[in-house]
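# based on what follows, work out the 3D shape:
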Amino acid sequence: MNFIIVSNKSGRHHSFNANLIVISGLILAVLAFAVFIGFFTYRYLNFDSSISPELVVKWKHEMEVQRRYVERLKQDAQLKHQASALRIAQLQARIVRLDALGERLTKIGRLNEGEFDFSGAPAMGGPEKIIGAAAYKPPSYMELLDQLARDIEDREQQLGVLQILMAKQKMDRDKFIAGRPVKKGWMSSRYGSRVDPITGKRAWHEGVDFAGKEGADVIAVAAGVVVFAGERSGYGRMIEINHGGGYATRYGHHKELAVNAGDIVRRGQVIGLMGSSGRSTGPHVHFEVYKGSKVVDPSKYIYRATR
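Numbers count the residues shown, from 1 in each chain. Predicted coordinates for the structure are as follows:
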């Protein structure tokens, strides 16, 4: 098949053989396709041969890095776990100390049992108002432990101060003169004017006498410091105790002394054995109370209740 092309200006015409054009076009198309396929085949083969081994090595390296990172995280987690366990053990030990301190304070302060028991959560409640609209974000585990440690430390300090105050209160109570200087016995002579049992004349008795069995216990009516323990005219073997605040007590006519000057005695402690040393007609203890430098009637101290 022939195609004729006529020019409008010159009127010339050209003819082409369609078979030749088609064949030439097909050849060019086949060649172009072959070049295209060859190029991409080369690129693919070149890419596959030059990049893949490096990529494999890179992947292996990355995997090793990740493995080491995971191992490090695991070790860090174990260390944190051990640190947390140690911290918890320390806090538990401090709580045990607080409980022991609470028991001591209960005995010292005459408080109800369990008042200083921190083994349970304290009772709380009451209406609350919402502050802000932000969602609550719970603190981290370690923050909770740190806060717990601070709370316990605050309570330890407060209880320590309270222990000192209560110990002082106990000391003040123990120094409070009250009660009888004997465990067993009876009042044989009161304070004031009486007939002297030896001379038979009227005389002033500056104390109270408690008669009993020879060798019976004589006890301190309050805590204090022994300022004298020995022989004194009229008293025989005598003990004098300073209780502070200007108060002192004397105990005379002992058979034996159980304390020495300088000793610290507590309320109810045995300080000697009842006897009849000195100016005496029989086994008894002569008991005097001094306020400042003046002797006072012991009766109001004997009959008043202990604190």
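# shaky segments in the chain?
The chain contains residues with pLDDT under 70 at 1-56, 59, 63, 67, 102, 105-106, 108-142, 144-145, 162, 305-307.
# could you chop it up by domain?
2-50, 186-302 (automatic domain parsing).
# most packed of those?
domain 186-302 (a mean of 17; mean count of other C-beta atoms under 10 Å). No exception for glycine: its C-beta is placed from N, CA and C like everyone else's.
# could you list the buried residues of stretch 171-179?
For stretch 171-179, burial by neighbour count (16 or more other C-beta atoms under 10 Å) applies to Arg173, Asp174, Lys175, Phe176, Ile177, Ala178, Gly179.
# sort out for me which of those residues are in helices.
The helices, defined by DSSP state H, take in Arg173, Asp174, Lys175 from those.
# make TSV from those residues and add distance to Asn260 to it.
Below are these laid out as TSV (distance: C-beta to C-beta, whole Å):
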residue	distance to Asn260
Arg173	25
Asp174	20
Lys175	20
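# show me which of those residues is closest to Gly244.
Lys175 (5.4 Å; C-beta to C-beta).
# distance of that closest one from Ile198?
Look at Lys175 and Ile198: by C-beta to C-beta, to the nearest Å, they are 35 Å apart.
# do you have the helices of the stretch 51-200 of the chain handy? List them.
In the stretch 51-200 of the chain, the helices defined using DSSP state H, counting those that start in this stretch lie at 52-109, 141-175.
# isn't Val195 right next to Lys201, touching?
Yes. At 7.1 Å, Val195 counts as touching Lys201 under the criterion of C-beta atoms under 8 Å.
# related to what we said a few turns ago, between the ones in helices among the buried residues of stretch 171-179, which sits nearest Gly234?
Lys175 (27.1 Å).
# for Arg232, give its distance to Thr249.
The spacing between Arg232 and Thr249, counted by C-beta to C-beta, is 14 Å.
# do Arg87 as well
54 Å.
# try Gln90
Distance, Gln90 to Thr249, by C-beta to C-beta: 49 Å.
# same deal with Ser233?
19 Å.
# tell me where the stretch 151-300 of the chain has strands.
186-189, 192-195, 202-205, 208-211, 217-219, 224-232, 236-244, 247-252, 254-257, 264-265, 270-274, 284-291, 294-296 (DSSP state E, counting those that start in this stretch).
# TSV for the ones you listed, including distance to Ile164?
Below are these laid out as TSV (distance: least, C-beta to C-beta, whole Å):
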stretch	distance to Ile164
strand 186-189	39
strand 192-195	42
strand 202-205	42
strand 208-211	36
strand 217-219	28
strand 224-232	20
strand 236-244	17
strand 247-252	23
strand 254-257	33
strand 264-265	18
strand 270-274	28
strand 284-291	28
strand 294-296	32
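# which stretch among these comes nearest Gln78?
strand 264-265 (54.8 Å).
# what's the closest one packed up against?
Packing partners of strand 264-265 (3 or more C-beta pairs under 8 Å, 6 or more residues apart in numbering; DSSP states H and E): strand 224-232.
# try 10 Å
Using 3 or more C-beta pairs under 10 Å, 6 or more residues apart in numbering; DSSP states H and E, the elements in contact with strand 264-265 are strand 224-232, strand 236-244.
# got CSV for the ones you listed, with distance to Gly160 too?
Below are the helices and strands packed on strand 264-265 laid out as CSV (distance: least, C-beta to C-beta, whole Å):
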stretch, distance to Gly160
strand 224-232, 26
strand 236-244, 24
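# quick one, which of these gets closest to Leu159.
The nearest among the helices and strands packed on strand 264-265, by C-beta to C-beta, is strand 236-244 at 26.2 Å.
# pairing partners for that closest one, with directions?
Strand 236-244 has the following sheet partners, assigned by DSSP bridges: strand 224-232 (antiparallel), strand 247-252 (antiparallel).
# contacts for the longest one next, please.
Counting contacts by C-beta atoms under 10 Å, 6 or more residues apart in numbering, the residues outside strand 224-232 that touch it are 174-175, 177, 220, 235, 237-245, 247-252, 254, 257-267, 271-272, 277-278.
# by how many degrees do it and helix 141-175 diverge?
Angle, strand 224-232 to helix 141-175, by axes from the mean of the first three to the mean of the last three C-alpha atoms, to 10 degrees: 30 degrees.
# by how many degrees do strand 224-232 and strand 270-274 diverge?
Relative orientation of strand 224-232 with respect to strand 270-274: 30 degrees, computed using the same axes, to 10 degrees.
# do the shortest one as well
Regarding strand 247-252 and strand 270-274, their directions subtend 30 degrees when assessed with the same axes, to 10 degrees.
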